[in-house]
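*Asks:* take a look and give me a structure for this.
(one chain, ligands or ions: 1)
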Amino acid sequence: MTTIIDGNDIADGIRAEVSACTDTLAESDVRPGLATVLMSDDGASETYVSMKQRACEETGIAGFHHEIDPEEPAEVLFDRIEELNADPTVHGILVQMPVPDHVDKREVLERIDPVKDVDGFHPENVGRLVAGNARFKPCTPHGVQKILAAEGIETEGKDAVVVGRSDIVGKPMANLLVQYGEGGNATTTVCHSRTQNLAEKTRNADIVIAAAGVPEMIDGEMIQEGATVIDVGINRVDADNEKGYELVGDVNFDSCREKAGAITPVPGGVGPLTIAMLLYNTVKAASIQSGVSVNLP
Ligand SMILES: Nc1nc2c(c(=O)[nH]1)N[C@@H](CN(C=O)c1ccc(C(=O)N[C@@H](CCC(=O)O)C(=O)O)cc1)CN2
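*Replies:* Purely as a prediction, here's the structure:
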C-alpha cells in the first residue's frame, strides 16, 4: 500500500509548535516579527508572500509586508534591507525569490543581517549548514526532513537522489542528507541538467527528491518499487479552468503512485512545510535576538 503523504497535516503540527513558542515569547514581551519583501509582479510570488503573511497572523507573529516596483534600481531594495536590518521589531527578513534580472541575487542575500536571514541563504548561514552547525536550515529542505521524520522514513544508510541543484532546494537538501544525525547519514547523489542516465540513478534510490522545476519529469519507470518519492516541484501549467492554470509537480504522480512506498502530492505535499518552517525560523530568530529560550524540536 502506498502512503500518500499529507503535508498539510504535518505542517499543522509544526504551526502548533510555533504558536506555543510565540506564547512563551509573549510572556517576556517579545513578539516575533517577519518582514517579507516582494520585488516582482509574478502571480505565484504574490501568492506565496500573501500565504506567508496570513500564516504569521495565524501563529502570533507580526508580519510586515514591503513591495518594491520591479522597475526600480537594485539600490531601492538594498536600502530597504538596511532599514529592516536596523529595525528591532523585525527578527526575520525574507526577500521573495526570484528578484528581477537587473538585481544581483547574491548581493541581496549578502546584505541581509545573517541573524535575521530566516531563509538561511546568506553565505554565513550556508557555511554553517555545510559545517554541521546550522543556524537557520533553508525552509523547503528542512520541511522535507520533517516530512521524512513524521512518516518514520529512515535516511541513515539509505541511497538518496536529489534531482536539481538550486541554491534554494537542491544544494541545501543534499547537505542536510549527508550530515551526521537524525534526517542525515544518507548516501546522497545530486543529479542535474547535465547528468547522464538519470533514470539509472533514480532507479537505485531508496529516496528520490525531485526539485528540478520540470513538470512531471520523474515517472514510474524511473523509481524502484517501494521508494519514497518527495516532489518539491510546483509548476503552473495552462489549464482550461477558472484560474487558467493547474499545479503539477516534478513527479508524474499517477505513474509513480502505485510503485512508490510513500509519495507527496502537489499541491498539499512539501509546499505547506515551506511556510511552516519559515515560521519556525522566525521564532528561532526572535529567540536568538531576544535571548529568551523556546522549545523548538
Ligand atoms: N525567499 C524565498 N523565495 C522562494 C522560496 C523560499 O523558500 N524563499 N521558495 C519558493 C516558493 N515558495 C516560497 O516562497 C513556496 C512555494 C509553494 C508553497 C505552497 O504552499 N504551495 C501550495 C500550493 C499553493 C498554491 O495554490 O499556489 C502547495 O504545494 O500545497 C509555499 C511556498 C520560491 N521562492
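*Asks:* so where do the strands sit in this protein?
*Replies:* Using DSSP state E, the strands found in the chain span residues 3-4, 33-38, 62-67, 92-95, 159-163, 187-191, 207-210, 228-231, 235-238, 245-248, 262-263.
*Asks:* what pLDDT is listed against Pro297?
*Replies:* Reported pLDDT at Pro297 in the predicted model: 87.
*Asks:* now do the contacts for the closest residue to the ligand within the chain.
*Replies:* The chain approaches the ligand most closely through Gly271 (2.2 Å), counting by CB to the nearest ligand atom. For glycine as for every other residue, the C-beta is placed from the backbone atoms N, C-alpha and C. Neighbour list for Gly271: Gly7, Ile234 [criterion: CB atoms under 8 Å, 6 or more residues apart in numbering].
*Asks:* count of residues packed around Pro32?
*Replies:* By the measure other CB atoms under 10 Å, the count of residues near Pro32 is 31.
*Asks:* the nearest residue to it once chain neighbours are set aside: neighbour count?
*Replies:* Closest residue in space to Pro32, ignoring its immediate chain neighbours: Ala286 at 3.6 Å, by CB to CB, 6 or more residues apart in numbering. By other CB under 10 Å, 26 other residues sit near Ala286.
*Asks:* hmm, Ala286 is touching Asp29, no?
*Replies:* No. Between Ala286 and Asp29 there is no contact under CB atoms under 8 Å: 11.5 Å.
*Asks:* those residues of the stretch 101-250 of the chain touching the ligand, which are they?
*Replies:* Within the stretch 101-250 of the chain, the positions near the ligand by CB under 6 Å from any ligand atom are Asp119, Cys139, Thr140, Ile168, Ile234, Leu247.
*Asks:* from Glu200, how far off is the second one?
*Replies:* Distance, Cys139 to Glu200, using CB to CB, to the nearest Å: 31 Å.
*Asks:* neighbour count winner among those two?
*Replies:* Cys139 (26 against 10).
*Asks:* ok so, going back, among the residues of the stretch 101-250 of the chain next to the ligand, name the ones in helices.
*Replies:* If you go by DSSP state H, those have Cys139, Thr140 in helices.
*Asks:* biggest separation within the residues of the stretch 101-250 of the chain next to the ligand, which pair?
*Replies:* In these, two members sit farther apart than any others by CB to CB. They are Asp119 and Leu247, at 22.0 Å.
*Asks:* looking only at neighbour counts, state which of the two leads.
*Replies:* Relative neighbour count places Asp119 above the other of Asp119 and Leu247, with 23 against 18, counting by other CB under 10 Å.
*Asks:* give me the neighbour count for Ile230.
*Replies:* When neighbours are defined as other CB under 10 Å, Ile230 has 29 of them.
*Asks:* which residues does the residue lying closest to it once chain neighbours are set aside bridge with?
*Replies:* Nearest in space to Ile230, with sequence neighbours left out and distances taken as CB to CB, 6+ apart, is Ile209 at 4.6 Å. When bridges are assigned using DSSP bridges, the partners listed for Ile209 are Val162, Ile230.
*Asks:* can you name the residues that contact Ile209?
*Replies:* Val144, Ala160, Val161, Val162, Val163, Met173, Ile230, Val232.
*Asks:* export the residues you listed to a markdown table and tack on distance to Ser50?
*Replies:* Below are those laid out as a markdown table (distance: CB to CB, whole Å):
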| residue | distance to Ser50 |
| --- | --- |
| Val144 | 23 |
| Ala160 | 33 |
| Val161 | 34 |
| Val162 | 29 |
| Val163 | 29 |
| Met173 | 26 |
| Ile230 | 25 |
| Val232 | 21 |
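*Asks:* and the residues you listed, which is closest to Val99?
*Replies:* Set against Val99, the nearest of the contacts of Ile209 by CB to CB is Val232 (20.5 Å).
*Asks:* need the contact list for Asp6.
*Replies:* Applying CB under 8 Å, 6+ apart to Asp6 gives the contacts Gly268.
*Asks:* list phi and psi for it.
*Replies:* With angles defined as degrees, to the nearest 10, Asp6 sits at phi -100, psi 100.
*Asks:* the closest residue in space to Glu71 that isn't next to it in sequence and His122, how far apart?
*Replies:* In this structure, Glu71 finds its nearest non-sequential neighbour in Pro100, 8.0 Å apart by CB to CB, 6+ apart. According to CB to CB, Pro100 stands 20 Å off from His122.
*Asks:* okay, these two: which has more neighbours?
*Replies:* Set side by side, Pro100 and His122 show more neighbours around His122, with 21 against 17, by other CB under 10 Å.
*Asks:* next up, the contacts around that one.
*Replies:* By CB under 8 Å, 6+ apart, the residues touching His122 are Leu109, Glu110, Ile112, Pro114.
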